[in-house]
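In: got a sequence here, can you build the structure:
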Amino acid sequence: MSFRMTVFFGFLAVTFAAAAADKRGSAALPQPYQRLLPLHQQLPPPQPGEWLAMHPEPGQSFQEYVGSGPVKPDSRRRTIYIQPLGEFSRPQRQILDLTARYMEIYFGLPVKTLEDVPLRIIPRKARRKHPAWGDDQILTTHVLEDVLAPRLPKDAVAMIALTTSDLWPGEGWNFVFGQASLAERVGVWSVYRNGDPEESGDSFRLCLRRTLRTATHETAHMLSMPHCIFYRCNLCGSNHRAEADQHPLWLCPQCLAKLCWATGVDPARRYQRLAEFFKENDFKTEQEFCEQSLKLLRDGA
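Out: Numbers count the residues shown, from 1 in each chain. Predicted coordinates:
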């Protein structure tokens, strides 16, 4: 059997599994989230080189998430910490500050930004120049295990580093936008491949959008939320920049139900605050989506 045929049958397996799992999972969604389904586009079959073509995943319904004993906030651990790692330009610092504010709205939890940690704490053994591109990169596993884990505050539900350095997760990989541990409550993401925020207003918004997506995607993983295979969703996996840019900032109803159940955030209030954030930062598509979602929730109340 040719490689092309192997990949083709892999597409079918992923597509059928996703459709069957979503049919069962959607039927068990709480009613507020059922109302949101018409706004969401099902994830199409993966193309060669995309995440699900390379990494087939089973998906997870809301009910399966609840039954899995996920990491979630409690009375002792309710704060998300952001650890800046390296040097930041003024526009990059502005993006960091906006991201911290956005994450507080997105998760409905307190967010605190810690004092900067310099890149010189990363040892030579956890650095490399990409063998083909020459980019300076730092090892994500070192950041997670040796930088963040020892600094994890006692009241942290999650701690995530933001860096301007490029990242790679180890042998066999070129780079990653970010990486997180589903169990250890630590993660790291980078603005290195998000574009130049100093170039223009559009470039700033593009860099901000990419940073918001990666930050919330990786933090959701730390709440034990796996990749989504049902809809175009912030929790979809990405193998490259073009694929990542196709995914929205919003969550599908399955993943939104998980987040709201885990954090206790009210979905209507969350959409209202997100719409206000998007309006302030000229994200028209996202603002309209949140306003439409809010209307569906309120009309059915």
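In: quick check, central residue of this protein?
Out: Central residue of the chain (CA atoms, centre = their mean): His217, 0.8 Å from the mean position.
In: which stretches in the stretch 101-250 of the chain count as strands?
Out: Taking DSSP state E, counting those that start in this stretch, the strands of the stretch 101-250 of the chain run over residues 111-113, 127-129, 136-139, 156-163, 166-168, 178-180, 186-190.
In: the fourth one packs against which elements?
Out: If contacts are counted by 3 or more CB pairs under 8 Å, 6 or more residues apart in numbering; DSSP states H and E, strand 156-163 sits against strand 79-85, strand 186-190, helix 201-221. In short, each C-beta sits where N, CA and C put it, glycine included.
In: partners of that strand, with directions?
Out: Applying DSSP bridges, strand 156-163 is found paired with strand 79-85 (parallel), strand 186-190 (parallel).
In: that strand vs helix 201-221, what angle?
Out: Strand 156-163 and helix 201-221 are oriented at 140 degrees to each other (axes from the mean of the first three to the mean of the last three CA atoms, to 10 degrees).
In: quick one: average confidence on strand 156-163?
Out: Averaged over strand 156-163, pLDDT sits at 94.
In: that one: which residues count as buried?
Out: Going by neighbour count (16 or more other CB atoms under 10 Å), the buried part of strand 156-163 is 156-163.
In: between the residues you listed, which is nearest Gln63?
Out: For these, the closest approach to Gln63 (CB to CB) belongs to Val157, at 22.4 Å.
In: distance of that closest one relative to Pro70?
Out: Distance of Val157 to Pro70, computed by CB to CB, to the nearest Å: 11 Å.
In: then stretch 74-93 to CSV, C-alphas only?
Out: C-alpha atoms of stretch 74-93 as CSV (Å, rounded to 0.1, in the frame of the first residue of the first chain):
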residue,chain,number,x,y,z
ASP,A,74,-9.8,24.4,44.2
SER,A,75,-9.9,26.6,47.3
ARG,A,76,-6.1,26.3,47.7
ARG,A,77,-4.9,26.5,44.1
ARG,A,78,-6.8,29.1,42.0
THR,A,79,-4.1,31.4,40.6
ILE,A,80,-2.5,31.3,37.1
TYR,A,81,1.1,32.6,37.2
ILE,A,82,3.0,34.0,34.1
GLN,A,83,6.8,33.8,34.2
PRO,A,84,8.5,36.1,31.7
LEU,A,85,11.7,34.5,30.5
GLY,A,86,14.3,36.6,28.7
GLU,A,87,14.2,40.1,27.3
PHE,A,88,11.2,41.8,25.9
SER,A,89,10.8,44.9,23.6
ARG,A,90,8.2,47.4,24.6
PRO,A,91,5.6,46.0,22.1
GLN,A,92,6.3,42.5,23.3
ARG,A,93,5.8,43.6,26.9
